[in-house]
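Undergrad: need the 3D shape of this:
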Amino acid sequence: MRIPNACMTLVLIAGLLSAQDKPAEAKPPAMQGNEQAAIINVKTLSGDSFTRLANMIDVFNVRYRADSKLRTIVVYAAPDVIAQIRKVVEELDRPGSEAAIGRNIEMTLTFLRASTKPPSNSVDLPADMEAVAKQLRAVTQYKAIELWDILPIRIQEGKRVEQYFRLPGSLPNATGAITTGRLDILPEAVTRKDSGRYVRFDRFDVRLSIPYATNDQGNFRHMDVMLGTAGEFKEGQKTVVGKLSGSVDETATFVVLSLKVLE
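TA: Numbering: from 1, shown residues only. Next comes the predicted model:
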């Protein structure tokens, strides 16, 4: 039985279209000479830091593929070159290395004093803090929210920061009764997601030493409180990092963080 030429053409076209519907299978690059494939795991760096580390492999002029989600780099090269690349990755895959230290970041910490008692004054909060205060009143027992101080600081991706600071105000009739603080943070990496950029902190510790009166003669003591956390915080968003509590007068201090990654 002979198939008409027109039918034969339709069969061939259908076959071609069917073949096009099947996704092409990814094939690894063909090895050349004494090349080998090696998987190098990146243990510390991620986000932009991982990208900088992967880009540094360009100096070896070899074929490689880097996957930031899996935090792996697959290298196709001669064994001695792979050994050199492993050594470079090990040296750079750590906090404080050339690959880890990257973007500058403007960070602002806002300290809000909260109390279950009526507010001591009627000073309005900054406009950008009103929404934060409203949320705190809704989810905590604190109804009086006041601005204590704003601490701006410049930090750098991958670089640990330790800074001491003082907050305004002191006890009346008590010499030296001031609040001091210590900030110890490590902005590990800047990462990008569909919803925007984030800064991931491996360490975020805030300590305050707050004076309180022990009698009416000006005697006082200091109470030490600490906030310790870690995690990702979104650029351009005001986030309540946590609460410094333990006060003797039913008050607490909330720390609000905002970030801007500089280009």
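
Undergrad: burial count for the closest residue to Gln36 other than its chain neighbours?
TA: Nearest non-adjacent residue to Gln36, counting by Cβ to Cβ, 6 or more residues apart in numbering: Pro79, 5.8 Å away. For the C-beta atoms, the positions are set from N, CA and C on the backbone; glycine is no exception. Using other Cβ atoms under 10 Å, Pro79 has 10 other residues around it.

Undergrad: was I right about Pro79 contacting Asn34?
TA: Yes - counting by Cβ atoms under 8 Å, Pro79 touches Asn34, with 7.2 Å between them.

Undergrad: could you check the pLDDT of the residue nearest to Gln36?
TA: pLDDT, Pro79: 94.

Undergrad: also Ala189?
TA: 86.

Undergrad: go on, the one 4 residues further on?
TA: pLDDT, the model's per-residue confidence, is 85 for Lys193.

Undergrad: what's the neighbour count on it?
TA: Counted with other Cβ under 10 Å, the neighbours of Lys193 add up to 9.

Undergrad: and for the one 10 residues further on?
TA: The number of residues packed near Arg203 is 15, by other Cβ under 10 Å.

Undergrad: other SSEs contacting the helix or strand hosting it?
TA: Using DSSP states H and E, Arg203 sits within strand 196-213. Contacting strand 196-213 under the criterion 3 or more Cβ pairs under 8 Å, 6 or more residues apart in numbering; DSSP states H and E are the following elements: strand 178-193, strand 220-234, strand 239-244, strand 251-261.

Undergrad: could you redo the last one with a cut-off of 10 Å?
TA: helix 47-55, strand 104-115, strand 144-156, strand 161-170, strand 178-193, strand 220-234, strand 239-244, strand 251-261 (3 or more Cβ pairs under 10 Å, 6 or more residues apart in numbering; DSSP states H and E).

Undergrad: which of the residues in it are buried?
TA: 197-201, 204-208, 210-211, 213 (16 or more other Cβ atoms under 10 Å).

Undergrad: quick check, pLDDT for Asn173.
TA: Per-residue pLDDT puts Asn173 at 69.

Undergrad: let me redo that: Ala6
TA: Reading off the model, Ala6 has pLDDT 47.

Undergrad: so the residue nearest to Gln36 touches Ala37, yeah?
TA: No - contact criterion Cβ atoms under 10 Å: Pro79 and Ala37 do not qualify, at 11.0 Å.

Undergrad: A helix includes Ala58, no?
TA: Not Ala; residue 58 is Asp. Yes - the assignment for Asp58 by DSSP: H, G, I helix; E, B strand; the rest coil puts it in a helix.

Undergrad: what's around it, how many residues?
TA: By other Cβ under 10 Å, the residues close to Asp58 number 9.

Undergrad: closest one to Ala138 among the helices and strands packed on strand 196-213?
TA: Of all the helices and strands packed on strand 196-213, strand 144-156 sits nearest to Ala138, with 11.2 Å by Cβ to Cβ.

Undergrad: quick one: average pLDDT of that closest one?
TA: Taken as a whole, strand 144-156 has an average pLDDT of 94.

Undergrad: so Leu136: helix, strand or coil?
TA: Following three-state DSSP, we place Leu136 in the helix state.

Undergrad: neighbours around it, how many?
TA: Neighbour number of Leu136 under other Cβ under 10 Å is 21.

Undergrad: ok, the residue nearest to the spatial centre of the chain - contacts?
TA: In the chain, the residue lying closest to the centroid (Cα atoms, centre = their mean) is Arg200, at 1.5 Å. Counting by Cβ atoms under 10 Å, 6 or more residues apart in numbering, Arg200 touches 46-47, 49, 157, 186-191, 230-233.

Undergrad: can you name the residues bridging to it?
TA: With DSSP bridges applied, Arg200 shows beta-bridge pairing to Ala189, Glu232.

Undergrad: can you read off the pLDDT for it?
TA: Listed pLDDT for Arg200 reads 91.

Undergrad: what's the closest of the helices and strands packed on strand 196-213 to Asp124?
TA: The nearest among the helices and strands packed on strand 196-213, by Cβ to Cβ, is strand 144-156 at 8.8 Å.
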